[in-house]
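make a model of this:
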Amino acid sequence: MAEPRRQEDDVEGERSALRSLRGLARGEESLGLDPLIHGRIRLGIVSALAVQERIGFGELRDLLQTTDGNLSTHARKLQEAGYLAVEKSFRGKVPHTEYRLTRAGREALDRYLAHLEGIIRVARGESE
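Coordinates of the predicted model:
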């Protein structure tokens with residue numbers, strides 16, 4: 001279960017968002033969002049695992065409506081970054097792959113969400 005968000009996280013998210021938006025105004029192409037989890041499939045993987053502790057390969061593939069190869073490629077990148085733990089086993093003679101979010105993956109997702117929420121607040125004119 002995720003820990004409740006702290007007010008300091010919200011303030012840091014806004015500061016980070018302001019830096020990103022200022023960079024965008026200077027012509028930089030990025031909003032400073034973590035590129036490892038910003039894409040649709042990778043964000044889908046970490047988001048699904050933030051809600052459900054463990055998810056099998058087939059269930060995750062179907063949930064994200066992607067191909068085996070696409071899911072494998074993105075999951076490997078998250079695993080290499082230390083965001084995802086992978087457990088491979090057999091159920092009878094059938095291989096079974098299961099994923100779970102690591103502590104580093106949860107922290108990366110929390111930072112990503114705080115940053116995105118900060119961007120939204122700044123864009124809406126709700127920042128302090």
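
buried residues in stretch 38-45, which are they?
Within stretch 38-45, the residues scored as buried using 16 or more other C-beta atoms under 10 Å are 41-45. Quick note: C-beta positions are derived from backbone N, CA and C, even for glycine.

so where's this protein uncertain?
1-31, 127-128 (pLDDT under 70).

if we go to 90?
1-35, 38, 114-128 (pLDDT under 90).

quick one: the longest helix along it to chain centroid distance?
In the chain, with assignment by DSSP state H, the single longest helix is helix 103-123. When distances are taken as C-alpha atoms, centre = their mean, to the nearest Å, helix 103-123 is centred 9 Å away from the chain's centroid.

what helices and strands are in contact with it?
helix 7-25, helix 35-38, helix 40-51 (3 or more C-beta pairs under 8 Å, 6 or more residues apart in numbering; DSSP states H and E).

tilt between it and helix 40-51?
Angle of helix 103-123 versus helix 40-51, following axes from the mean of the first three to the mean of the last three C-alpha atoms, to 10 degrees, is 110 degrees.

mind exporting the C-alpha coordinates of helix 103-123 to PDB?
Extracted C-alpha coordinates of helix 103-123, given in PDB (Å, rounded to 0.1, in the frame of the first residue of the first chain):
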ATOM      1  CA  ARG A 103      10.800   0.100  -4.100                       C
ATOM      2  CA  ALA A 104      12.800   2.200  -6.600                       C
ATOM      3  CA  GLY A 105      10.000   1.800  -9.100                       C
ATOM      4  CA  ARG A 106       7.400   3.000  -6.600                       C
ATOM      5  CA  GLU A 107       9.600   6.000  -5.700                       C
ATOM      6  CA  ALA A 108      10.100   6.800  -9.400                       C
ATOM      7  CA  LEU A 109       6.300   6.600 -10.000                       C
ATOM      8  CA  ASP A 110       5.700   8.800  -7.000                       C
ATOM      9  CA  ARG A 111       8.200  11.400  -8.300                       C
ATOM     10  CA  TYR A 112       6.700  11.200 -11.800                       C
ATOM     11  CA  LEU A 113       3.200  11.800 -10.500                       C
ATOM     12  CA  ALA A 114       4.200  14.600  -8.200                       C
ATOM     13  CA  HIS A 115       6.000  16.300 -11.100                       C
ATOM     14  CA  LEU A 116       3.000  15.800 -13.400                       C
ATOM     15  CA  GLU A 117       0.600  17.100 -10.700                       C
ATOM     16  CA  GLY A 118       2.900  20.200 -10.300                       C
ATOM     17  CA  ILE A 119       2.700  20.900 -14.000                       C
ATOM     18  CA  ILE A 120      -1.000  20.600 -13.900                       C
ATOM     19  CA  ARG A 121      -1.300  23.000 -10.900                       C
ATOM     20  CA  VAL A 122       1.100  25.500 -12.500                       C
ATOM     21  CA  ALA A 123      -0.800  25.300 -15.800                       C
END
